[in-house]
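In: need coordinates for the following:
(2 chains)
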Protein chains: 2
Amino acid sequence: MRGYYAGAMAATQPNESAGRGVPRELAREEIDTFLGEQRIARLGCHAGGETYVVPVIYGFDGESVVAVTTEGRKIAMLRENPAVCVEVDEYDTDGRGSWRSVIAQGVYEELSGDDVWAALEVLRERFMRSSGRVAEPRAMSENVVVFRIRLGELTGRAVER
Amino acid sequence: MRGYYAGAMAATQPNESAGRGVPRELAREEIDTFLGEQRIARLGCHAGGETYVVPVIYGFDGESVVAVTTEGRKIAMLRENPAVCVEVDEYDTDGRGSWRSVIAQGVYEELSGDDVWAALEVLRERFMRSSGRVAEPRAMSENVVVFRIRLGELTGRAVER
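Out: A predicted model of the protein is given here:
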């Protein structure tokens, strides 16, 4: 396609591949650090012919993303099809249009027994780190689901300006 | 599931349905305002048996999300299956764990001719609004794709603390 367009926008496009803003691949250590720093993951679920993207507050234990939620559409879809895409990104925190993004395919797994407590500990530690507060114990309701998503190959890209 | 867990985390869970943090449905006007304010949408694509979530910088014209990108995996998937989920969210900008999220099913459509310029104008205006700068015209490379996603029914939820 030829023509002219608003270049400053292109400069903030994730897939801009020419000139300023060429993305570089993140190394595995950078990906791990990034996943440890961020708080929100978007999960891409697919079931019954429909794709659904949902945000979750997550913790990262080095191999898996863990989260707590309640039963609902998202959980119903993940039970039907546990193959899920996990995406975490950060945009323009420096005001210059820098961004980074990590994407992985993963497998959804509901937790029980000791795995629940291990996952909650990851989340508790993550919460303390970002808030400076200690999370108080609280009764869990019947429909709470604690799950992990085991991550396969991780890819990460970044533009630093 | 019974037990005790770190309640402060539950209070920041999007799907928490009891006590503090019960989400409310957003009205259509609130959804439109929110989509006009935000900058990053996550697109859920599904093709070849795989789901993929990708962030894009978007503009919203009141009916569709428009964006500019370059050809790649995302575009290949959207060409194969134009049914796409659009998700936009915002977390905790007040430091109290408030959040809002909008999700819609949409249809991917590549633009040509006058539609390209209309979409670029939406993005140019959006860029000016957030940056205070005017985007300079720039030559478009061959592999640039301008697209819109026509949004079907929009649902939005929010927790305000």
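In: what about the helix ranked longest in chain A, average pLDDT?
Out: When chain A is parsed with DSSP state H, its longest helix is helix A:114-131. Taken as a whole, helix A:114-131 has an average pLDDT of 91.
In: ditto for stretch A:47-63
Out: 95.
In: is that stretch anywhere near chain B?
Out: Yes: using Cβ under 8 Å from any Cβ of the partner chain, stretch A:47-63 reaches chain B at A:50, A:51, A:52, A:53, A:54, A:55, A:56, A:57. C-betas here are computed from N, CA, C, even on glycine.
In: of those residues, keep whichever come out buried.
Out: A:51, A:52, A:53, A:54, A:55, A:56, A:57 (16 or more other Cβ atoms under 10 Å in any protein chain shown).
In: pretty sure the second one is in a strand, no?
Out: Read it as residue A:52. Yes: counting by DSSP: H, G, I helix; E, B strand; the rest coil, residue A:52 is located in a strand.
In: which residue, neighbours along the chain excluded, lies closest to it?
Out: residue A:45 (4.8 Å; Cβ to Cβ, 6 or more residues apart in numbering or on different chains).
In: correct me if wrong: the one you found contacts residue A:78.
Out: Yes: contact criterion Cβ atoms under 8 Å: residue A:45 and residue A:78 qualify, at 5.6 Å.
In: so for those two, which sits in the more crowded spot?
Out: residue A:45 (28 against 25; other Cβ atoms under 10 Å in any protein chain shown).
In: what helix or strand is that one on?
Out: strand A:40-47 (DSSP states H and E).
In: that strand pairs with which strands, parallel or anti?
Out: strand A:50-57 (antiparallel), strand A:83-91 (antiparallel) (DSSP bridges).
In: what are the C-alpha coordinates of that strand, in CSV please?
Out: Extracted in CSV, the C-alpha atoms of strand A:40-47 (Å, rounded to 0.1, in the frame of the first residue of the first chain):
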residue,chain,number,x,y,z
ILE,A,40,-2.4,-8.1,34.6
ALA,A,41,-2.4,-10.9,32.0
ARG,A,42,-4.9,-11.2,29.2
LEU,A,43,-6.1,-14.7,28.6
GLY,A,44,-7.2,-15.8,25.2
CYS,A,45,-9.7,-18.6,25.5
HIS,A,46,-11.5,-20.4,22.7
ALA,A,47,-14.5,-22.7,23.0
